[in-house]
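In: requesting a structural model of the entry that follows:
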Amino acid sequence: MTGHAGAAGTEPDRQLTVDGVPVARYVVDPAIDPTHGPRPYLHPVRTLGGTVVTDAFPADHVWHLGASLAVQDVDGTNLWGGRTYVRDTGYTWRDDHGRIAHTRWETSEPHRLAHGLEWRDRAGAVLLTERRDLAARRVDERAWALDVAYTLTAPADRDVTLGSPATNGRPGGAGYGGFFWRAVSATPARVRTATAEGEEAVNGSTAPWLAFSGAGPDGAGYTLVLAGLAEGDRWFVRTSMYPGVCAAFAFEKPRVIAAGASRTGRHRVVVADGVLDRASAAALAEGV
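Out: Residues are numbered from 1 along each chain as shown. Next comes the predicted model:
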């Protein structure tokens, strides 16, 4: 086991900045235990005021890695980390962990990172290829926006199925897997949309935007405003067990990327200082 401190492998970390202010570290090639689902991730992500709004390697789920793309079932390969949910059995440790690996840089600038990746199974075979683009820009004096765009392409000779614990039989709205943001909150987190509030009401919804508020390790309040569900995606949220939100690909049913075809996604996360009310969150969502 190589530990879980987030040490870099052969490819060094990158920084995203907004007007010269560092707002996110991008760990491109983490040298971590295979059971943590090695993959590029953003952590720490900070507000413009410096409050940390992501968590990585938390004690409750050590495979939660800041903000990342991660799916628990990609044609039977676990690219999420941790135990795999097996129908009629439950969560089980299996030797099925793969890796999402950086392959090439297209752009590496302070405000934008674009690169190629491969989603690989435990033997190194390529399940999907990906082109990913991360960009950061200022919204106003209190907030900046992270744009996450990606294209996942299946091999020319076979379909690829994306699943989740929910599609594999777990009850309780556990349809996680997709663009996942493991938040940090020193106080109970709060989640709301334009028409609903609370984990139970928001989990599984298709609202055009979602606001997630908490307090960083320094005690300062922050708000994340997320948008960009693709057709068929759902919001997966947790505030009671842990603070986190996911644009989930396979919340209720498996999703198939046909042979040679691609799935595209584009998400925006506004990272703001302060705990915003619904009207302020809505204004940020509509403004960007």
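
In: now do the contacts for residue 149.
Out: 132, 133, 264, 265, 266, 267 (Cβ atoms under 8 Å, 6 or more residues apart in numbering). The C-beta positions use only the backbone N, C-alpha and C, and glycine is treated the same way.

In: okay, and it sits in which element?
Out: Using DSSP states H and E, residue 149 maps to strand 143-153.

In: mind listing what's buried in that strand?
Out: Residues of strand 143-153 classed as buried under the neighbour-count rule (16 or more other Cβ atoms under 10 Å) are 143, 144, 145, 146, 147, 148, 149, 150, 152, 153.

In: ok, now which ones touch the last one?
Out: Contacts for residue 153 (Cβ under 8 Å, 6+ apart) come out as 128, 129, 130, 257, 260, 261, 262.

In: please redo it, this time with the cut-off set to 10 Å
Out: 119, 128, 129, 130, 131, 160, 257, 260, 261, 262, 263, 264 (Cβ atoms under 10 Å, 6 or more residues apart in numbering).

In: what mean pLDDT does the strand or helix carrying residue 212 get?
Out: Per DSSP H and E: residue 212 is located in strand 209-215. Here strand 209-215 scores 98 as its mean pLDDT.

In: burial count for the spatially closest residue to residue 180 that is not a sequence neighbour?
Out: Of all residues not flanking residue 180 in the chain, residue 246 sits nearest, at 4.2 Å (Cβ to Cβ, 6 or more residues apart in numbering). Using other Cβ atoms under 10 Å, residue 246 is surrounded by 24 other residues.

In: likewise residue 242?
Out: Counted with other Cβ under 10 Å, residue 242 comes out at 16.

In: leaving out the residues flanking it, which one is nearest to it?
Out: residue 60 (5.4 Å).

In: so what's the one you found up against?
Out: Here residue 60 is in contact with 182, 241, 242 (criterion: Cβ under 10 Å, 6+ apart).

In: any chance of those residues in CSV, plus distance to residue 47, pLDDT and secondary structure?
Out: Shown next, in CSV, are the contacts of residue 60 (distance: Cβ to Cβ, whole Å; pLDDT from 0 to 100; DSSP: H, G, I helix; E, B strand; the rest coil):
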residue, distance to residue 47, pLDDT, secondary structure
182, 16, 98, strand
241, 24, 94, coil
242, 20, 97, coil
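
In: adding distance to residue 72, write those out as TSV.
Out: Listed next are those as TSV, based on distance: Cβ to Cβ, whole Å:
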residue	distance to residue 72
182	14
241	16
242	16
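
In: let me know the closest of those to residue 218.
Out: Nearest to residue 218 among the contacts of residue 60, counting by Cβ to Cβ, is residue 182 at 17.8 Å.

In: and the closest residue in space to the closest one that isn't next to it in sequence, how far is that from residue 257?
Out: Take residue 182 and drop its neighbours on the chain: the residue closest to it by Cβ to Cβ, 6+ apart is residue 64, 3.9 Å away. Note on residue 64: its distance to residue 257, by Cβ to Cβ, to the nearest Å, is 25 Å.

In: those two: who's more crowded?
Out: residue 64 (26 against 22).

In: tell me the contacts of that one?
Out: If you count contacts by Cβ under 10 Å, 6+ apart, then residue 64 has 36-37, 41, 43, 54-58, 70, 80-82, 180-183, 242, 244 around it.

In: which residue is nearest the middle of the protein?
Out: Nearest to the mean C-alpha position of the chain, by Cα atoms, centre = their mean, lies residue 180 at 2.3 Å.

In: for the strand or helix carrying it, which helices and strands make contact with it?
Out: Using DSSP H and E, residue 180 falls within strand 178-182. If contacts are counted by 3 or more Cβ pairs under 10 Å, 6 or more residues apart in numbering; DSSP states H and E, strand 178-182 sits against strand 41-45, strand 67-70, strand 143-153, strand 221-227, strand 234-238, strand 244-248, strand 262-273.

In: could you rerun that using 7 Å?
Out: For strand 178-182, the elements it packs on are strand 67-70, strand 244-248, strand 262-273, judged by 3 or more Cβ pairs under 7 Å, 6 or more residues apart in numbering; DSSP states H and E.

In: and that strand, what's buried?
Out: Buried positions in strand 178-182, judged by neighbour count with 16+ other Cβ under 10 Å: 178, 179, 180, 181, 182.

In: the fourth one: what's it in contact with?
Out: Shown in contact with residue 181 (Cβ atoms under 7 Å, 6 or more residues apart in numbering): 54, 67, 224, 244, 245, 269.
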